[in-house]
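Enquirer: task: produce atomic coordinates for the following.
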Amino acid sequence: MEPKKRLFFAIQPEGLKDSPEIQTLVKKLRIGVDRRGWEVKWTPDVNWHFTLSFVGETEEERVPEMLDILKNVAEHGAHFNLPLKGVGAFPSEREARVLWVGAPAKRSLVELQQTLAGELEKRGFPIDERGYRPHLTVGRLRNPKGVGDLISPFVRNKFGEFQVTEILLMESVQARFFPVYKILAREPLMGLVSE
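Expert: Next up, the predicted model:
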């Protein structure tokens, strides 16, 4: 059987893991979770990212295609600022499994994501048919919980604005407690700034 890599394309806005606003938010969420006695796996800040497109299990021989897609998309994508706003849960606040910080679906971000999805589809890679919802996963609950009262103080809060200057091809490697995200390649966004 040919070895496979679990791949995805992502952005890591500059300064994200050093953001005092997001670090403070996570600290407050942790306090709230601890008071409730819930089990949550908190995402280490080195793993914080916004997924553009999850590809999944991919044969190693197809990695050069991924690198080609990365380069093609980056040539046309422009730098943009990404504000972070609000906290939410997937699949819902009543049955939450994931806690996240949101970002608006800005035109530059959506165009980047759609261009990437189009390139993947042209080459026969599977495409996620659900609508794109930009988010930064900060924690995963062991069991589904109603989190409305936990996140309600933060749903309209802003957590700074960050510059996006590159896109990444990343590999998710399952480790003991958390997946480890390895950057396989990065390409600077070279297009003209549109916003």
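
Enquirer: please name the nearest non-neighbouring residue to Gly102.
Expert: In this structure, Gly102 finds its nearest non-sequential neighbour in Gly86, 4.2 Å apart by C-beta to C-beta, 6 or more residues apart in numbering. (Each C-beta comes from the backbone N, C-alpha and C, glycine too.)

Enquirer: does that neighbour really touch Leu136, like I thought?
Expert: No - Gly86 is beyond contact range of Leu136, at 10.9 Å (criterion: C-beta atoms under 8 Å).

Enquirer: more neighbours: which of these two?
Expert: Each of Gly86 and Leu136 has its neighbours counted (other C-beta atoms under 10 Å); Leu136 has more, 23 against 17.

Enquirer: that one - that's part of a strand, no?
Expert: Yes - assessed with DSSP: H, G, I helix; E, B strand; the rest coil, Leu136 lies in a strand.

Enquirer: how much space between it and Glu161?
Expert: Per C-beta to C-beta, to the nearest Å, Leu136 is found 14 Å from Glu161.

Enquirer: now the common contact residues for those two.
Expert: Here Leu136 and Glu161 have Leu84 as joint contacts, going by C-beta atoms under 8 Å, 6 or more residues apart in numbering.

Enquirer: let me see the ranges of the strands in the protein.
Expert: Here the chain has its strands, by DSSP state E, at 4-11, 40-42, 50-59, 80-85, 87-90, 96-102, 135-145, 158-164, 166-174, 179-188.

Enquirer: which one of the ones you listed lies closest to Gln114?
Expert: Of all the strands of the chain, it is strand 50-59 that lies closest to Gln114, at 9.6 Å by C-beta to C-beta.

Enquirer: quick one: that closest one to strand 158-164, angle?
Expert: Angular relation of strand 50-59 and strand 158-164 on a 0 to 180 degree scale: 50 degrees, by axes from the mean of the first three to the mean of the last three C-alpha atoms, to 10 degrees.

Enquirer: export stretch 163-175 as PDB, just CAs?
Expert: Only the C-alpha atoms of stretch 163-175 are listed here, as PDB (Å, rounded to 0.1, in the frame of the first residue of the first chain):
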ATOM      1  CA  GLN A 163      -2.200  40.400   7.900                       C
ATOM      2  CA  VAL A 164      -2.300  37.500   5.500                       C
ATOM      3  CA  THR A 165       0.700  37.400   3.200                       C
ATOM      4  CA  GLU A 166       1.100  33.700   2.300                       C
ATOM      5  CA  ILE A 167      -0.700  30.400   1.900                       C
ATOM      6  CA  LEU A 168       0.600  27.100   3.300                       C
ATOM      7  CA  LEU A 169       0.400  23.400   2.300                       C
ATOM      8  CA  MET A 170       0.300  21.500   5.600                       C
ATOM      9  CA  GLU A 171       0.300  17.900   6.800                       C
ATOM     10  CA  SER A 172      -1.600  16.700   9.800                       C
ATOM     11  CA  VAL A 173       0.300  14.000  11.600                       C
ATOM     12  CA  GLN A 174      -1.500  12.200  14.400                       C
ATOM     13  CA  ALA A 175       0.500  12.500  17.700                       C
END
